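Asker: Build me a model from this:
(4 chains)
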2 protein chains.
Amino acid sequence: MSVKPTKQRQRILEVIRDAKGHLTAEEVYKRLAIEDHSIGIATVYRNLKYLYDNDLVNRIQHPDFGYVYDSNLNQHYHFHCLSCNRIMDIEDMMHHELNKEVEEKFGGTVHSHMAYFYGICPECLAKQEDN
Amino acid sequence: MSVKPTKQRQRILEVIRDAKGHLTAEEVYKRLAIEDHSIGIATVYRNLKYLYDNDLVNRIQHPDFGYVYDSNLNQHYHFHCLSCNRIMDIEDMMHHELNKEVEEKFGGTVHSHMAYFYGICPECLAKQEDN
DNA sequence: ATAGATGCAAAGGTTTTGCATAACT
DNA sequence: AGTTATGCAAAACCTTTGCATCTAT
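Answerer: Got it, this is the predicted structure:
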């Protein structure tokens, strides 16, 4: 990373990159604590903020768990499964043209947008059909 | 309302309807406390949940303030002004067809989606141009 | 009388902060 | 040496919960 690397900071980033999902600060902390019993939760929070501010991780609000972090920096939409409560990335779908549409309808300037889809994910749907 | 009305519940709903904006639980509480010093914050939280569950108010996640409530029950997108930090409704723009697109790309079933646009609202833009 | 709602205070959970110590440049 | 990060503990938040009291059928 271009910003100051520290041992803890690097490990936090690695954990998020390895996870390939969305982790809460608490989950990151638990995974790090396995290998490093002395790490503090404050360090995790501070570094997650730091990594987010420096565009090294992405962050979204989970309705139940507060912020969750992932390493997918490409702009993308999210799918929230109402059955298993996971959040997943939707790749290859980003309607940038909506920004212009809002500018025309609403005025002002629009930099970006995020979208959040609610439903049942393929795996949960398959499980339901098994029954 | 079709569900049990109580004095407090009605006033909470009125406050949200009058606000014509997005209020946090705390803001609702503060406005009610002016006229009724004995109201408890727990009552506000309980009733906001109750009103939301009974589809009398809408609720969205604010990235900084947790849940915020408004009385606009139509599905609509939101505009978040990065200058004044307000959230505003975007009327007459709801791309329901995106749900189908996600189902095709991602699988599963999609019930609904929300979108959140970030930028500078018309008023803040005007102020910037004044300088 | 009964069911539900309220207000208060306490508890829960998450995130931030103060501070002394430690790790870097 | 001086700056920044760390770990610990405490504090600050926000929200929920337990419980006794009150309200309305």
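Asker: Tell me which residue in chain A sits closest to DNA strand C.
Answerer: When distances are taken as C-beta to the nearest atom of the strand, chain A reaches nearest to DNA strand C at A:G66, 2.6 Å away. Backbone N, C-alpha and C define where each C-beta goes, glycine included.
Asker: Which SSE is immediately downstream of the worst-scoring helix or strand of chain A on mean pLDDT?
Answerer: When the helices and strands of chain A are scored by mean pLDDT, DSSP states H and E, strand A:58-62 comes last with a mean of 85. Beyond strand A:58-62 on the C-terminal side, the first helix or strand identified by DSSP states H and E is strand A:66-70.
Asker: Quick check: bridge partners of the residue of chain A closest to DNA strand C?
Answerer: A:H62 (DSSP bridges).
Asker: didn't it look like it was pressed against A:L23?
Answerer: No. When contacts are counted by C-beta atoms under 8 Å, A:G66 is not listed as touching A:L23 (11.4 Å).
Asker: So these two - more neighbours on which side?
Answerer: Neighbours per residue (other C-beta atoms under 10 Å in any protein chain shown) separate A:G66 from A:L23, with A:L23 holding more: 24 against 12.
Asker: Now do that one against DNA strand D, distance only.
Answerer: In this view, A:L23 and DNA strand D are 17 Å apart by C-beta to the nearest atom of the strand, to the nearest Å.
Asker: And A:L48, by the same measure?
Answerer: Following C-beta to the nearest atom of the strand, the distance that separates A:L48 from DNA strand D is 10 Å.
Asker: My guess is that residue contacts A:L13. True?
Answerer: No. Using C-beta under 8 Å as the test, A:L48 is too far from A:L13 to be in contact (9.6 Å).
Asker: Common neighbours of those two, please.
Answerer: A:V57 (C-beta atoms under 8 Å, 6 or more residues apart in numbering or on different chains).
Asker: Comparing those two, which residue is more hemmed in?
Answerer: Neighbour comparison, A:L48 and A:L13: the larger count goes to A:L48, with 24 against 20 (by other C-beta under 10 Å).
Asker: how far is the helix or strand where that one lies from where the chain is centred?
Answerer: Counting by DSSP H and E, the element that carries A:L48 is helix A:41-53. The chain centre lies 14 Å from the centre of helix A:41-53; the measure is C-alpha atoms, centre = their mean, to the nearest Å.
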